[in-house]
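Visitor: Here is my input; please provide its structure:
(one chain, ligands or ions: 1)
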Amino acid sequence: MGKETYQEMSSSTEETLIVVKPDGVRRGLVGEILGRFETKGFVVKRLQMLTMSKPQAEEFYSVHKEKPFFKELVAFITSGPVVGAVLSGKDAVATVRRMVGATKSWEAAAGTIRGDFGLGLTDNTIHASDSAESFTKEQAAFFSKTKG
Ligand code: CMP
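Guide: Numbering: from 1, shown residues only. Sure thing, here's the model as predicted:
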């Protein structure tokens, strides 16, 4: 077996969290967005629609608590239902982030979710964990009231 084949087989199945934000849910994009990840080959391991409470949102976005946009971010993410999904697959954190695109939707490349579906910043359709550590914290915050 060649080296590449061995690395491909042995490495890097991981999990990440995506959250379709209130703008994405309001605009009816949940199916389209989840479909993109499923079509790519990711497996949906957990899935939940909920409306975040203020404390839950502050916990979820705690890494940004010193940022000037924190209040606006919490107000927006609690403004309506969101859909969170744990996705499993090869290199999930980095691959999903590439599919999501740049934070500023107007700069996000065509073919990415933000590039194809919006022009916003706070309302940029979707959140995705930026590291394995963020995934662990964000999953705990998002599913804090959920069993399983
Ligand atoms: P998200 O991937 O959910 O992570 C933090 C969010 O903060 C980001 O997407 C944006 O929606 C939001 N945000 C609002 N203002 C800014 C800003 N000036 N810079 C970066 N992110 C911002």
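
Visitor: I'd like to know how many residues surround residue 136.
Guide: Neighbours of residue 136 under the rule other CB atoms under 10 Å: 13. Heads up, the C-betas are built off the backbone N, CA and C, glycines and all.

Visitor: Next: residue 114.
Guide: Residue 114, neighbours per other CB under 10 Å, totals 24.

Visitor: Reduced to three states, what does it come out as?
Guide: helix (DSSP: H, G, I helix; E, B strand; the rest coil).

Visitor: Over to residue 38?
Guide: Reduced to three states by three-state DSSP, residue 38 is helix.

Visitor: Please look at it and residue 47 and confirm they touch.
Guide: No: when contacts are counted by CB atoms under 8 Å, residue 38 is not listed as touching residue 47 (11.2 Å).

Visitor: can you list the residues of this structure near the ligand?
Guide: 64, 69, 73, 103, 121, 122, 124, 127 (CB under 6 Å from any ligand atom).
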